[in-house]
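A.B. asks: Show me the folded form of this:
(chains A, B, C, D and E)
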Amino acid sequence: MISVNHYLLLSAILFAIGTFGVLTRKNAIVIFMCIEVMLNSVNLTFIALSRHVGNMDGQIFVFFVMTVAAAEAAVGLALMIAFFRNKDSIEVDDFNILKW
Amino acid sequence: MENLVQEAIQNVNLQAIMPSLVLSAFGMILLMISVFSKRGRTTHVAWLSVAALVITGMITLAGWNHPQSGFAGSVLLDNFATFFSMICIVAATLTILMSDDYLKREDFPVGEYYPLILFTTAGAMWMASGTDLMTIFLGLEVLSVSLYVLAGFFRDKLSSNEAGLKYFFLGAFSTGFLLYGVALLYGVTGTTKIQGIAAYVQANPDAATNTMFIAGGLLLLVGFLFKVAAAPFHMWTPDVYQGAPTPITAFMSAGPKAAAFAAFIRVTIVGLEGMQGELTSLFWLLAVLTMTMGNFIALSQKDIKRMLAYSSIAHAGYALVGLVAWNTVGLSAIMYYMLVYTFMNIGAFAVLVLIGKKGEDNLTLDGIAGLGYKKPFLGVALCIFLFSLMGLPPTAGFTGKFYIFAGAIKAGYVWLAVLGMLNSAVSLYYYLRIIVQMYFKDPTEDFAWVSLNLPTMVSIIISIVGVLYLGIMPGSLMQLAKLAGL
Amino acid sequence: MADNLLSIMTFFPLLGMLVLLFIPRENDGLLKGFTLAVSLITFAISLPLAFDNVFTTSGGMHYREFSEWINIGNYFQMNYNLGVDGISLWLVMLTTFIMPIAVLSTWHAVEKNVKGFMAMLLLLETGMLGAFVSLDLFLFYVFWELMLIPMYFLIGIWGGKNRIYAAVKFFIYTAVGSLLMLVAIIFVYYYAVQSGAPMNGFGIEEFYKLHIPYHAQFWLFLAFGFSFAIKVPMFPLHTWLPDAHTEAPTAGSVILAAVLLKMGTYGYVRFAMPLFPEALPTFIPLLAFLSVVGIIYGSLVAMMQEDVKKLVAYSSVAHLGFVMLGVFAMNLQGLAGGMIQMINHGISTGALFLIVGFIYERRHTRLITEFGGLAHKMPIFATIFMIITFSSVGLPGTNGFVGEFLALMGAFQGGLRWYAVFATTGVILAAVYMLWMYQRVMFGKVTNPANEKLKDLSGREIAIMLPLLLFVFWIGIYPSTFFDKMNPAMEQALEQMKSRQVAVVEVAQPTVATIQDLK
Amino acid sequence: MYSYLWLIPFFPLVGSIINGLLGKKIKNETVIGSIATVLMFFSFLVAAMNFFTLLGDSVKVHELVVGTWISVGDLQVNWEFLLDPLSAVMIMVVTGVGTLIHLYSIGYMHGEVGFYRFFSYLNLFAFSMLMLVLGGNALVMFIGWEGVGLCSYLLIGYYFEKKSAGDAAKKAFVVNRIGDFGFLCGLFILFWTLGSKGVWTLNFMQITENAHLLQNGGIIVTIVTLAFFLGATGKSAQIPLYTWLPDAMEGPTPVSALIHAATMVTAGVYMIGRMNILFAMAPTTMMTIAIIGATTAIFAASIGLAQNDIKRVLAYSTVSQLGYMFLAMGVGAFSAGIFHLMTHAFFKACLFLGSGSVIHGMHHAYHHAHLHDDPQDMRNMGGLRKKMPITYITFLASTIAISGIPLFSGFFSKDEILWWAFGSTRGHWLLWLIGAAAAGMTAFYMFRLVFMTFFGEQKTDPRAKDHIPESPLTITIPLMVLGFLAVVGGYVGIPAILGGSNRFEHFLAPVFEHAQHLHEIEAHGAHATEYMLMAISVAVAVFGIFLAWTMYIKSPELPGKFTAKFTTAYRVIFNKWYIDELYDFVFVNPCKKLGTFLWRAFDARLVDGVVNGCAWVIKGIGAGLRYTQSGYLYNYAMAMVVGVVVIVGYYIFG
Amino acid sequence: MEAFLFYLTAIVAIVSAFFVTKCRNPVNSALNLVTTFICLAVFYVMLDAPFMAAIQIMVYAGAIMVLIVFVIMLLNLGLAVKTRYTHALVGGGVLSVLLLFLTNYFLRAGDASATGGEITSAVIASYGHTELIGRAMFVDFLLPFEIASILLLVAIVGAVILSKRKV
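C.D. replies: All right, here's what the predicted structure looks like:
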């Protein structure tokens, strides 16, 4: 029988993978995708717990997370495009005029 | 079906969201106005948004002492929320006042800027009044997304792009942790309502030792700690503050930070009461770490905006002290401190807005040499703000710091207070460096480009009045902060 | 008028400053004249205090003013609580007295940004007066920190070559101490709240009666003491002083020496000692030791200085060592000596800084080697300098003697005897460094051609010095004017401290929970 | 009469103030000099009236309170004066000699730029000295005590353009201050000790009355008296603090006469006399005083043997004579000490003034010949007795007096001292021996001085030698008066053994008797012994004179041979036993080095280094931490994750 | 059967998620991400949340991924340069493993203790998932829903401002 813990662990693994990606990738878009992986793992947690707990709040939360993800995607990609126009790159190594 | 609508309508309590509702409405109207305005004509949008904020402010104040809750417990417009909302409104007003001329100078007069600030403020209000993690989360996102845009607003300027991007990525990243925390809390308590979480823990004391609960609480706080720029989640702050348009930096350091603190306080004090033991020790450490990081790194900064960014990290550390205290004095102190900080920091940035050249390359220590002689009023104003940031009487910074540390000492955290004071002593150095440049060095430039335009001056003067009034007669607002306590 | 004399006196300079801001900045003469007038009027306002005989009969606080300032219910409460007693009386008078002199001394010395300079002087005066008359710890702290700001600017803008370093050092050094004191102040307050003792905001008179357990007093005294020790400054916390003095403009040095340093000693007498009398015995040996080291060390270092101003600055370290030693003697003679020595130091060292200012204005150097033989060219100057020098050395008949004598005499009683013996050697060393300096500057042949054309003191300069000379002899010959008004207050203060110390021994301390339990 | 006591110091004070403030305007030397001298003379008149009133009065102690000075708690100090036989003698000496020297100065200081300044100082000195002797409590005395130090400073430094003068002045004051340190310590301990017995006072009469409260011979009283004695050694130029006095000769000669011979330097003796009751209680101190006095007497005399500067010889002679006085005090011969003080004031003032007259003449001659030779070097003098007859005669009389030749004043006082040194209950034959030897040396070097100056060939530069005049009347009148006193001054104290009644001792008895009786201090011995001792000392003196005559008149080449033979000894003595160098080496230079070290190394490096080091370290940490802010997104994210892991981990596992 | 499906999907999800982080070509990453999303949608279905599965596909796999791929194409991104920052790789790896370990620990040691809510599988079956969602959203979470609309407005405005070529 697949219990809620299975889902929780699976989402933990996905969360960790997402984190790993954020920490290791240099391409901004890929980093953004990794963040999406993290958010999705959270979503999975929510939905699993929602069923476990027995109310809909978690699922509603997922609904909003998706909304937020969409909004962030729009803004984030717009920012990347703006940056790309100026620097012709979206490598995070190039985000380095602001430091120290 | 009829029943459902009835039920939904019953939950609606517009009074509980009236300020944010009005503000959002104004935001949308202004959005339309700016869309239909001629290119480059934004002044009227600015003034209208100021009017919108003033009206919202009056509506907000009208709700003082009339707590309203609604939307099935999603929101509670109590004094606490009102107080923080007012801080955000003040911050937004002061920011908008200084923005119009700035945008024109930077050659980017885009009307949407103002509605975005209004939306940010509305988001901040939801954060402050939200009693459901969902409301808070969405308020936070409205605020954050607007700020991502505002930070990266100068899309043709690399530093602004970079600021926006960094803020965006790290913000999204921290959102991941926050959400994970919410999810875990939800798993343990079955609800996302703050009150519900508290009630569950009260009913099931084991929950307080449940590792999932603890981890959830901590991960949730990571999101807030990120927003208030507490170490080690502070690292975005200097880069973003430096790269963002200066008025936005000013705004970010005051309004959104206050909102973040509002949500932070409500979540910790009400929702995570069961974790008091863990959290106070955690905050103790983070407070010290934050102020130390902020103050120490600020010492070696040359760029004033960046220096003030580090200073704002340090101030977040001071404010955290109020949370460590975990008593009414400490909490009121945070509110009061955020108000004070709004005046002094926005004031300081307003001066920077005025003295910057296009592109703002001159906002370095060397760039402001002799400012006090060439522009006496700005010099004096900046001095007042800096002294307030240092925490010297008779400025608001002092009374604020006093309030904060009074809370800590009352709660017995004398050593924390001592470390905080030593930290302020360290901070004196870099604030003084600015004054040294302004007054003790001979001017190298004539500052002829500085135009003392009315709105910015109004903003500076309001800030000065605020700083001095709160410094000399802090009683009334301290009292209000007390009444606004949870 | 009499009801709120202290308020009027304290805030009149501030008012003056605000008015000053509306005087056009080009009009130097008006700015200076106006400031002088304001300071003189302030002095006039304060005069009734000096002539009021109520101080001779009662040691308590007089000219009380009280109103609620900040009241946050059970959080905290601060009051606007003013009063003056025999201990603060003469320090207030010294402040109002020295200000016009300081203003006059800048007549030609300050060329740049006169307006700012005058504004800072007036702001400083308000800060100093406020600190002396505050009876509420919080209010005191506000004024105490307020003084830093104008002084910082005075040093930083109008100072010498190395002024930035000096100003920043002065500022941060003093602020470090005061910030720790702030922690202690808050602690005392909440301790009082928690112990349920009658309170009046941060009013010190109520705090005097507080029974704080020893271990808390220990730390509290440390915090207060540290802060005041920096301000005094006591060895080894003194290094900001030579820098600040050397770089500050004449008026700044004068005020710094005459009044600001007294804040530290006054702080001990008014706050640190009576608030924490039980911890006091623990610290007295250390503090007395540091005072003595300060005396000898300050003198030895002063001896070798090449810069006149620095020499005077180090001599301050030594002089204030006498003050502190007297105060820590914990008897009437010592305390009286310490108190009068505060005044003396204000007059003598203030005068010395003026003198240094006079020659600096003429020659733009303060190096001793640049001078020599000035007595030929400037006989009046030489005479005045001589008198002040001997006042500083503590020659009987001048003010310096009365203070030093009493301070040492007090210290000879009881446990400080050996410290006092060593302190008394300071009497010798003072003569060494002062006279050597005098000799090198004034005696000998004029070897430096730049000194050939020096002019003697002008009428204004003599007018500045005359009041100081008057007090040099007045205090030296008839100090009773001052003691009569000081004694009751000092007796009361000592009584209070001693009774509390005794009470500790006799009354078993009720088990007072530590403040940790407030949580 | 006694209620006008305050007038005595008041007159000179007025003079000082008038001359000090207005002297520059007055300009006229006669007026300035007259003001000072006349006021001094008034003072003398009042003193004399008081003195004679006291002589006829049965009550010998009178106090006059003028007003309060310091009143703090138990400490009540008044402005008060005390007139008793002791202070009466002193005021007579001070005002008398003082008036004469004022008069002398008018002539001597003629033409000086700072003429008014000089008289102002001189009057101030008189004021201070009178405060010292009249002071009714230790603190008023201390005013005078330091006041004379101040005036000494001012007057030694009168020729302030000369570096040596400035140095000497400073040295005088500083060394005096070392003494004052002792004085103050003694005062403080005395005050608190008596206070702890219930007597809070600094008043001399009350101290005397309550001295019995202190333990006789106890540690306290010994320390107190030793501390006071330290004060006395400073003021009265005793070992180890004598070095300032020879240097003090940089001052104008009248100053040397008044301050450094007749009055100020005797203050220490006076002070011991004033507190005799305390000293009598401390035998250890008394012994110390006697030993130091005797040692100083012979030691200074030995230096005097080889000096060539006329004033320096006199200076060492003064030190030596002061040693006698201390010897007297130390063996309990209080009145003898005071007696010698008085006679010494006469003859030594006369000697100094005489030497001043000589210098004045020499200076005049050199000035005339435009030479810059040292007018004080005896090797350039000789044969002056014909040029300056009055000076010569008075000088010779005083020299005889100081040498202790019978019938002259010095004989009586010196012999009295030597007798006590031998025969007192607190004396010892060794003390006598040293004293006698010193007397012989004194006779030798004094006559050496006379012979070198007034006898033999005139060795002055030929261009100047004919222009040495006798001094004017203002100078010679004081010389004559003092010379006369030097001869007859001793007759007030002819001891019983020589058929006198020692009226001087009787007059002072009320002051000293009490202590002497109480502590059984008396000189006893057979008359024969006394005669024999007297004879021996006279013989020694005569031998000294003879030796001087042999060496400097009969065979002038002898000294050269002598010095050639004992080079080392001569050099040591000529260089004053290298004491100044020793002090420089042991105290002055280490102090300077220490000061420099403390400043440059300790203060600037260590103390300030710690302060700046703190700032530096903090800034350094800040600069280091700054690099955590690398600007790279993934680093920031990594920091966040680290934070999360650590925080969550800690609380999960903790 | 359920377990088999779970494990299969889980493995696919993990592997594809891992490839998101490892592919050098961003387009490949994007496609892997889509795979992950679809796997999650499968889980949602298994968790009685078909509506969520539907919007997972529509919003995420549909809208967001299209946007991302569009941007990748727009910017014409090439292969990622070979990563030089091994310390980042090591650090990231270690940290992620630690994080995983940590989550693993607290998930096992803790326990999702709140159970017994009224929404059981039976309730979902009888009312229908969408209706339940709608009820919750419009009755209990009306305010967040409205806020979300503002959020989207802000995002649109922001995206327009930031990426429009001319103001």
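
A.B. asks: going forward, measure contacts and count neighbours with C-alpha atoms only.
C.D. replies: OK.

A.B. asks: interface residues of chain A facing chain B?
C.D. replies: Residues of chain A that fall close to chain B, judged by CA under 8 Å from any CA of the partner chain: A:32, A:35, A:38-39, A:42, A:45-46, A:49-50, A:52-55, A:57-58, A:61, A:64, A:68, A:71-72, A:75-76, A:79-80, A:82-83, A:86-87, A:95-99.

A.B. asks: Quick one: end-to-end distance for stretch C:190-202.
C.D. replies: Using CA to CA, to the nearest Å, one end of stretch C:190-202 lies 10 Å from the other.

A.B. asks: how far is it from where the chain is centred?
C.D. replies: 30 Å (CA atoms, centre = their mean, to the nearest Å).

A.B. asks: And stretch C:9-16, by the same measure?
C.D. replies: The mean C-alpha position of stretch C:9-16 is separated from the chain mean by 20 Å, CA atoms, centre = their mean.

A.B. asks: now that stretch: mean pLDDT?
C.D. replies: When pLDDT is averaged along stretch C:9-16, the result is 92.

A.B. asks: Enumerate the positions of it that are buried.
C.D. replies: C:9-14, C:16 (16 or more other CA atoms under 10 Å in any protein chain shown).

A.B. asks: Output the residues you listed in TSV; the columns should cover secondary structure and distance to residue D:370.
C.D. replies: Formatted as TSV, the buried residues of stretch C:9-16 follow (DSSP: H, G, I helix; E, B strand; the rest coil; distance: CA to CA, whole Å):
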residue	secondary structure	distance to residue D:370
C:9	helix	68
C:10	helix	68
C:11	helix	70
C:12	helix	68
C:13	helix	65
C:14	helix	68
C:16	helix	66
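
A.B. asks: Pick the one among these closest to residue D:63.
C.D. replies: Within the buried residues of stretch C:9-16, the smallest distance to residue D:63 is 46.5 Å, found for residue C:9 (CA to CA).

A.B. asks: quick one on the thing from earlier: filter the residues of chain A next to chain B down to the buried ones, ChimeraX style.
C.D. replies: To isolate the buried members of the residues of chain A next to chain B in ChimeraX, using 16+ other CA under 10 Å:
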select /A:32,35,38,39,42,45,46,49,50,52,53,54,55,57,58,61,64,68,71,72,75,76,79,80,82,83,95,96,98,99
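
A.B. asks: Of the residues of chain A next to chain B, which ones also sit close to chain D?
C.D. replies: A:95-99.

A.B. asks: Dump those to TSV, plus secondary structure, pLDDT and distance to chain C.
C.D. replies: Converted to TSV, those look like this (DSSP: H, G, I helix; E, B strand; the rest coil; pLDDT from 0 to 100; distance: CA to the nearest CA, whole Å):
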residue	secondary structure	pLDDT	distance to chain C
A:95	coil	85	36
A:96	coil	85	33
A:97	coil	86	32
A:98	coil	86	29
A:99	coil	85	27
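
A.B. asks: sorry, back to before: I'd like to know which of the residues of chain A next to chain B are part of helices.
C.D. replies: The members of the residues of chain A next to chain B that map onto helices under DSSP state H are A:32, A:35, A:38-39, A:42, A:45-46, A:49-50, A:52-53, A:57-58, A:61, A:64, A:68, A:71-72, A:75-76, A:79-80, A:82-83, A:86-87.

A.B. asks: any bit of the longest helix anywhere in chain E sitting next to chain B?
C.D. replies: When every helix of chain E is counted residue by residue (DSSP H), the longest turns out to be helix E:86-109. Yes: counting by CA under 8 Å from any CA, contacts between helix E:86-109 and chain B involve E:106-107, E:109.

A.B. asks: Can you sort out which of these also neighbour chain D?
C.D. replies: Checking those against chain D (CA under 8 Å from any CA), the matches are residue E:106.

A.B. asks: Below-threshold pLDDT in chain E: ranges please.
C.D. replies: E:78-85, E:166-167 (pLDDT under 70).

A.B. asks: Could you pull up the residues touching the residue nearest to the spatial centre of it?
C.D. replies: Nearest to the mean C-alpha position of chain E, counting by CA atoms, centre = their mean, stands residue E:37 at 6.0 Å. By CA atoms under 8 Å, 6 or more residues apart in numbering or on different chains, the contact list for residue E:37 reads A:40, E:13, E:56-57, E:60-61.

A.B. asks: Apply 7 Å and report the result again.
C.D. replies: Residues near residue E:37 by CA atoms under 7 Å, 6 or more residues apart in numbering or on different chains: residue E:61.

A.B. asks: same deal with the one 5 residues further on?
C.D. replies: Shown in contact with residue E:42 (CA under 7 Å, 6+ apart): residue E:53.

A.B. asks: Is it correct that it falls within a helix?
C.D. replies: Yes: remark: residue E:42 belongs to a helix, assigned using DSSP: H, G, I helix; E, B strand; the rest coil.

A.B. asks: Tell me the spacing between the nearest residue to residue B:450 once chain neighbours are set aside and residue C:192.
C.D. replies: With CA to CA, 6 or more residues apart in numbering or on different chains as the criterion, residue B:450 has its nearest non-adjacent residue at 5.5 Å, and that residue is residue B:355. Noted for residue B:355: a distance of 49 Å to residue C:192, by CA to CA.

A.B. asks: Equivalent analysis for residue D:37, please.
C.D. replies: 71 Å.

A.B. asks: between the two, who's got more neighbours?
C.D. replies: residue D:37 (26 against 22; other CA atoms under 10 Å in any protein chain shown).

A.B. asks: Find the helix or strand that the more buried one is a member of.
C.D. replies: Here residue D:37 is covered by helix D:29-56, with elements defined by DSSP states H and E.

A.B. asks: Check the model's average confidence along that helix for me.
C.D. replies: pLDDT averaged over helix D:29-56 gives 88.

A.B. asks: what separates whichever helix or strand comes after that helix from the chain centre, distance-wise?
C.D. replies: Going down the chain from helix D:29-56, the next helix or strand is strand D:62-72, by DSSP H and E. With CA atoms, centre = their mean as the basis, strand D:62-72 stands 27 Å off its chain's centre.

A.B. asks: I'm done for today, thanks for sticking with me.
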